[in-house]
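A.B. asks: Got a sequence here, can you model it:
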Amino acid sequence: MPLFAAPSRTNVLAIISLISAFMFSAAAVVTGHIALSEIKRTREAGRGMALAGLIIGYVGVAFTIVFIIVYLALISTIFAHMPSTGTAYRN
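C.D. replies: Got it, this is the predicted structure:
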């Protein structure tokens, strides 16, 4: 009679990390780190999902930071090249 091992349980935070990586990167980073520490402690499955969520989350955070920097540089360049109208009235 063959013995079957119970399927290993997948860490819920690892699943949440992977799903949230495509919607909200900061949540993916936080839940990914928590999931990895839980997986290390409890030996649950889901390490790959947690790592994927972390990687995609960090890429999303980096992309957001670069986008904000480029956006602010573009806005400041536009305002720097606008003609000054002055506030003094001419008679």
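A.B. asks: Going by C-alpha atoms from here, please, whenever you check contacts or count neighbours.
C.D. replies: Will do.
A.B. asks: do you know how far the residue sitting nearest the centre point of the chain is from H33?
C.D. replies: The residue lying closest to the centre of the chain (C-alpha atoms, centre = their mean) is S25, at 2.0 Å. For S25, the distance to H33 (C-alpha to C-alpha, to the nearest Å) stands at 13 Å.
A.B. asks: Not counting sequence-adjacent ones, nearest residue to the residue nearest to the centre of the chain?
C.D. replies: Nearest non-adjacent residue to S25, counting by C-alpha to C-alpha, 6 or more residues apart in numbering: G57, 4.3 Å away.
A.B. asks: show me what contacts the one you found?
C.D. replies: When contacts are counted by C-alpha atoms under 8 Å, 6 or more residues apart in numbering, G57 touches 21-22, 24-29.
A.B. asks: Let's see which of those residues end up in helices.
C.D. replies: Judged by DSSP state H, the subset of the contacts of G57 located in helices is 25-29.
A.B. asks: Considering the residues you listed, which possesses the most neighbours?
C.D. replies: Neighbour tally across the ones in helices among the contacts of G57 (other C-alpha atoms under 10 Å): the maximum, 32 neighbours, falls on A28.
A.B. asks: So that residue sits against I16, correct?
C.D. replies: Yes - between A28 and I16 a contact is recorded at 7.3 Å, counting by C-alpha atoms under 8 Å.
A.B. asks: Give me the buried stretch members for whichever helix or strand I15 is part of, please.
C.D. replies: Using DSSP states H and E, I15 sits within helix 12-20. For helix 12-20, burial by neighbour count (16 or more other C-alpha atoms under 10 Å) applies to 13-20.
A.B. asks: Which strands or helices does it pack on?
C.D. replies: In terms of contacts (3 or more C-alpha pairs under 8 Å, 6 or more residues apart in numbering; DSSP states H and E), helix 12-20 is packed against helix 25-42, helix 47-80.
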